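Here's my sequence, what's the structure:
(one chain, ligands or ions: 2)
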Amino acid sequence: MENKNKVKKELTVDQQISRRNFISFGVFGVMAFAVYEGWQWLYHTPKEVRGVTAGAKEPLRRALNKTELAFRNFFSNNHLVKTYPKERAAKNVRVNSNIGLKGKFIIEDWKLNVTKANGETMQVTIDQIKALPKTEIVYDFKCVEGWDQIQHWGGLKMIDFMEHFNLVDQTKMSYVGMMTPDKGYQVGLDMPSAIHPQTILAYEMNGQPIPGNHGAPLRLIIPVKYGIKNLKRIGSITFSNTRPPDYWAREGYDYYSGL
Ligand SMILES: Nc1nc2c(c(=O)[nH]1)N[C@H]1C(S)=C(S)[C@@H](COP(=O)(O)O)O[C@H]1N2
Ligand SMILES: [Mo]
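Residues are numbered from 1 along each chain as shown. Ligands and ions are numbered 1, 2, ... in the order given. Model prediction:
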């Protein structure tokens, strides 16, 4: 140590400057090399082919999966979305889009088609759903297009639905898929969000049956997700370990679309 300091002191001012330049240049070189190598690594890794990450390079996809992990931890903490008193709910509820709702639809003939992972199917009527305990929620509904509104919805909790219809073993699956009866709009949901205590199969809006343009007779209300996941007019529910089709994820939106 002593020796080294001595040597340094003996360098002239000019020598010290050129030495510093030399060091900076070396650091720059190492950094440039690291950037080039990093780019090569990114460039040569395979593409992920499925869902929202289509086209994303493998390391970037891994970053997405980290947010997914954070998301899961967040749910294990039993986090609840903020709720409001009923008086705060909008009277004129915004209508956004109607993909999958355009064709002819006879509400009286509607039944919910439920398919387990093993292929077993079951049909559930709206009266069976309405006969079970109702849960109401008033919260800030958020659309990715930039608007939000405090809304009041009522229906059957998804987890209560699963318990009542002997679907508890299906909660071990990774995903829930939902589609409109015409299959024109689909959402894929990670199981923790699907069975979150505030996720409901809604049949009421502001205490009245849901109007057609808001998804009668049954729609999904999933407060932990953006509007795009809140499928209107549910026709079918499926369970799987692979990602179910999702309309907006296919268009490049985040598959999780969590808040
Ligand atoms: N079937 C169906 N469900 C849908 C949509 C849709 O186009 N079709 N749009 C989604 C989007 S982007 C939002 S923001 C909400 C809007 O619900 P609202 O029309 O009741 O406001 O529904 C979601 N569910
Ligand atoms: Mo939306």
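
In the stretch 51-200 of the chain, which residue sits nearest ligand 2?
Nearest to ligand 2, among the residues of the stretch 51-200 of the chain, is residue 143, at 3.3 Å (C-beta to the ion). No exception for glycine: its C-beta is placed from N, CA and C like everyone else's.

how many neighbours does that residue have?
Counted with other C-beta atoms under 10 Å, residues neighbouring residue 143 total 15.

Could you pull up the residues touching it?
Contacts for residue 143 (C-beta atoms under 8 Å, 6 or more residues apart in numbering) come out as 96, 226-228.

one more time with 7 Å
96, 226-227 (C-beta atoms under 7 Å, 6 or more residues apart in numbering).

Identify, from those residues, the entry nearest to residue 85.
Nearest to residue 85 out of the contacts of residue 143 is residue 227 (C-beta to C-beta; 22.1 Å).

The closest one: neighbouring residues, count only.
Residue 227 has 19 neighbours, counted by other C-beta under 10 Å.

I'd assumed residue 142 was in contact with it.
Yes: between residue 227 and residue 142 there is a contact under C-beta atoms under 7 Å: 6.3 Å.

closest to residue 123 among the contacts of residue 143?
Once C-beta to C-beta is applied, the member of these that ends up nearest residue 123 is residue 227, at 27.9 Å.

give me phi/psi at that closest one?
Torsion angles at residue 227 (phi, psi; degrees, to the nearest 10) stand at phi -50, psi -40.

can you check residue 88 too?
Per degrees, to the nearest 10, the backbone of residue 88 is at phi -80, psi -10.

if I pick the residue in the chain positioned nearest to ligand 1, what's in contact with it?
Nearest to ligand 1, among the residues of the chain, is residue 227, at 2.5 Å (C-beta to the nearest ligand atom). Contact partners of residue 227, counting by C-beta under 7 Å, 6+ apart, are 96, 141-144.

Before we move on, what's the pLDDT of the residue of the stretch 51-200 of the chain closest to ligand 2?
pLDDT, residue 143: 97.

again, but for residue 7
Taking residue 7 on its own, its pLDDT is 46.

thinking again about what came up before, so which of the contacts of residue 227 also contact ligand 1?
Contacts with ligand 1 within the contacts of residue 227, as defined by C-beta under 6 Å from any ligand atom: 96, 143.

In strands, which of the contacts of residue 227 appear?
Under the assignment DSSP state E, the contacts of residue 227 contribute 141-142 to strands.

which of the contacts of residue 227 tops the neighbour count?
Highest neighbour count within those: residue 141, with 22 neighbours (other C-beta under 10 Å).

How about that one: what's its closest non-neighbour residue?
residue 151 (4.7 Å; C-beta to C-beta, 6 or more residues apart in numbering).

same deal with residue 154?
Using C-beta to C-beta, 6+ apart and skipping the chain neighbours, the partner closest in space to residue 154 is residue 204 (3.6 Å).

Could you check how many residues crowd around that neighbour?
Using other C-beta under 10 Å, residue 204 has 16 neighbouring residues.

where do the strands sit along the stretch 51-200 of the chain?
112-115, 121-124, 135-142, 148-157, 175-179, 186-190, 200-205 (DSSP state E, counting those that start in this stretch).
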